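Undergrad: give the three-dimensional model of this entry:
(one chain, ligands or ions: 1)
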Amino acid sequence: MDERSDNDNASDLPGPLDPGRFRQVLGHYPTGVSAITACRQDGSPVGMLVGTFTSVSLDPPLVGFLPSRTSTTFPLIEAAGRFCVNVLSADQEALCRDLGGPSARRFDHAAWRPSALGSPILDGCVAWIDCEIHNVVDAGDHAIVLGRVRSLDGDGSRLPLLFFQRGYGKFSLLSTPPAASAELISQLRLVDSVRLQMQALAEDLGVECLAVSLIDDEMVVTGSAGRPQNRAVLTRLGQRVPLVPPMGAAFVAWADGGSVEAWLSRAAGHDPLTRERHLQILERVRQRGWSLTLDRPGVRMLESAVFHLPDAAGPEGHTEVASVLSGLGDAYEPVELDEERAQPVNNIMAPVFAADGSVALLLALYGLPELMSTSQIEMCAARLQATAGLAARAIADARA
Ligand SMILES: Cc1cc2nc3c(=O)[nH]c(=O)nc-3n(C[C@H](O)[C@H](O)[C@H](O)COP(=O)(O)O)c2cc1C
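TA: Okay, here's the model as predicted:
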């Protein structure tokens with residue numbers, strides 16, 4: 001065995017590591033903030049804040065966190081043999097400061113209920129994960145605690161509290177929401193009148209139903225109902241996507257010739273073949289009556305690229321989006337659905353028509369099952385179209 005210490009080995013390293021610098025550099029990594037809670041034998045709650053909570057394994061379901069060897073709370077949690085991870089939300093900064101304070105006062109203002117295993121679940125968290133201690137592993141001046149997950153739940157309507165460079169903050173989307181305009185307000189009113197239909201469909205199918213409006217040549221997510229099963233939900237409300245082919249086909253398929261030409265002109269290629277391909281996409285959407293995007297890796301990349309463009313709506317943004325889109329093959333509006341194989345679906349969209357036959361807005365299904373057979377896709381599309389029909393009637397009633 002090599003008996004040299006780490007420092008003997010350091011001849012080719014810059015010198016002994018300064019703990020301050022270690023902390024300072026590692027502080028560049030942002031974390032969420034979780035409260036690890038447990039109950040003493042007398043039923044009183046104990047808890048400590050950690051930034052080291054992490055998901056570890058799916059099979060078996062394990063999560064972990066790293067308590068310091070100097071922690072006075074961790075031995076109490078270890079004695080309980082179980083703990084609950086409470087992922088704090090952005091509006092729980094005051095509770096967070098209590099939980100980071102003297103241990104006797106940490107629960108003074110906290111509302112909580114016991115989990116199935118008896119550990120405190122704090123009211124208002126983004127998520128809680130109820131665990132039994134699976135293993136405690138040595139890790140220098142910390143330990144790695146692995147917890148076997150017994151039950152868990154999350155609240156998709158809350159945003160998490162974040163910790164970065166000794167300060168608290170919250171998550172924000174890089175894409176800026178659309179500026180308030182008369183058109184946006186009138187679209188939001190429209191979405192309000194179809195909310196019940198969206199909710200009923202989302203609940204029925206166990207998916208997320210979005211309303212998508214066309215505002216100044218951009219598709220804007222103006223409404224959302226329900227939450228997808230088995231998936232983390234990040235709100236898409238306010239997200240904007242420029243109308244660049246083949247995106248937005250469900251809007252353009254029923255638009256006038258001038259709008260179709262404007263759409264075609266934003267594509268990366270202006271050759272006859274590209275033009276023909278996009279015209280065929282419009283034809284396919286018109287014939288189906290709905291629009292389909294498969295979940296290819298490129299589609300996710302595109303989604304995140306588009307959302308992160310500072311000005312996707314400007315001409316430069318259009319060019320960038322168009323060049324990414326040109327590499328996506330037939331993920332958008334595939335020619336034929338494979339009858340034999342289940343396929344991953346990103347979204348299905350259907351138009352809600354106004355009384356004059358124009359498209360008032362789109363309804364979109366997201367968070368669909370990971371893989372769908374052709375008949376499942378067609379069933380969901382038919383349900384979506386039926387809901388779009390009800391929504392069209394609700395809009396007409398609201399306008400009457
Ligand atoms: C944002 C934040 C993250 C923290 N993360 C950890 C952590 O991962 N592990 C840890 O041992 N202490 C962490 N601490 C410190 C503990 O919350 C607590 O101060 C420490 O455990 C001492 O309290 P105790 O003696 O009651 O355990 C963190 C504190 C804050 C404010």
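
Undergrad: only C-alpha atoms for contact and neighbour calcs from this point on.
TA: Noted.

Undergrad: low-confidence stretches in this structure?
TA: Residue ranges of the chain with pLDDT under 70: 1-13, 172-177, 228-235, 297-298, 300-318, 320, 324, 326-330, 335.

Undergrad: roughly how far out does the helix ranked longest in it sit from the chain middle?
TA: Taking DSSP state H as the criterion, the chain has its longest helix at helix 374-399. Relative to its chain's centre, helix 374-399 lies at 25 Å (CA atoms, centre = their mean, to the nearest Å).

Undergrad: which strands and helices sit next to that helix?
TA: helix 182-193, helix 195-205, strand 345-353, strand 359-366 (3 or more CA pairs under 8 Å, 6 or more residues apart in numbering; DSSP states H and E).

Undergrad: what bridges to whichever residue of the stretch 151-300 of the chain sits closest to the ligand?
TA: Proximity to the ligand, evaluated over the stretch 151-300 of the chain using CA to the nearest ligand atom, is greatest for F163 at 5.6 Å. For F163, the beta-bridge partners are T31, Y168 (DSSP bridges).

Undergrad: so which residues of the stretch 201-350 of the chain form helices?
TA: 249-252, 257-265, 272-288, 297-308, 315-325 (DSSP state H, counting those that start in this stretch).

Undergrad: just checking, the residue of the stretch 151-300 of the chain closest to the ligand touches V33?
TA: Yes - F163 is in contact with V33 according to CA atoms under 8 Å; the separation is 6.6 Å.

Undergrad: and for the two, which residues touch both?
TA: G51 (CA atoms under 8 Å, 6 or more residues apart in numbering).

Undergrad: out of those two, which sits in the busier spot?
TA: Neighbour count, other CA atoms under 10 Å: between F163 and V33, V33 has more, with 24 against 17.

Undergrad: and the gap between that one and G100?
TA: According to CA to CA, to the nearest Å, V33 and G100 sit 11 Å apart.

Undergrad: ditto for Q92
TA: The spacing between Q92 and G100, counted by CA to CA, is 12 Å.

Undergrad: contacting residues around the nearest residue to H142 once chain neighbours are set aside?
TA: Excluding its sequence neighbours, the residue lying closest to H142 (CA to CA, 6 or more residues apart in numbering) is S68, at 4.2 Å. S68 sits next to 141-143 when contact means CA under 8 Å, 6+ apart.

Undergrad: surely L49 is in contact with I36?
TA: Yes - counting by CA under 8 Å, L49 touches I36, with 6.3 Å between them.

Undergrad: who's more crowded, those two?
TA: Set L49 next to I36 and count neighbours by other CA under 10 Å: I36 wins out with 29 against 22.

Undergrad: how about that one, phi and psi?
TA: phi -90, psi 120 (degrees, to the nearest 10).

Undergrad: from C84, how far off is it?
TA: 6 Å.

Undergrad: how many neighbours does A400 have?
TA: 6.

Undergrad: swap in V207?
TA: Neighbour count for V207, taken as other CA under 10 Å: 22.

Undergrad: so it makes contact with A364?
TA: No - taking contacts as CA under 8 Å, V207 lies outside contact range of A364: 10.1 Å.

Undergrad: on that earlier part again, which neighbours do V33 and G100 have in common?
TA: With CA under 8 Å, 6+ apart, V33 and G100 have common neighbours L49.

Undergrad: one step back: which of the helices and strands packed on helix 374-399 sits closest to S375?
TA: With CA to CA as the criterion, S375 lies closest to strand 345-353 of those, at 12.8 Å.

Undergrad: residues of the chain that sit close to the ligand?
TA: 33, 48-52, 66-68, 71-74, 100, 103, 163 (CA under 6 Å from any ligand atom).

Undergrad: out of the residues you listed, name the ones that lie in helices.
TA: Reading helices off those with DSSP H, I get F74.

Undergrad: which among the residues of the chain next to the ligand count as buried?
TA: 33, 48-51, 66-68, 73-74, 100, 163 (16 or more other CA atoms under 10 Å).

Undergrad: quick check: the gap between L390 and the ligand.
TA: 48 Å (CA to the nearest ligand atom, to the nearest Å).

Undergrad: go on, P369?
TA: Counting by CA to the nearest ligand atom - P369 and the ligand are separated by 35 Å.
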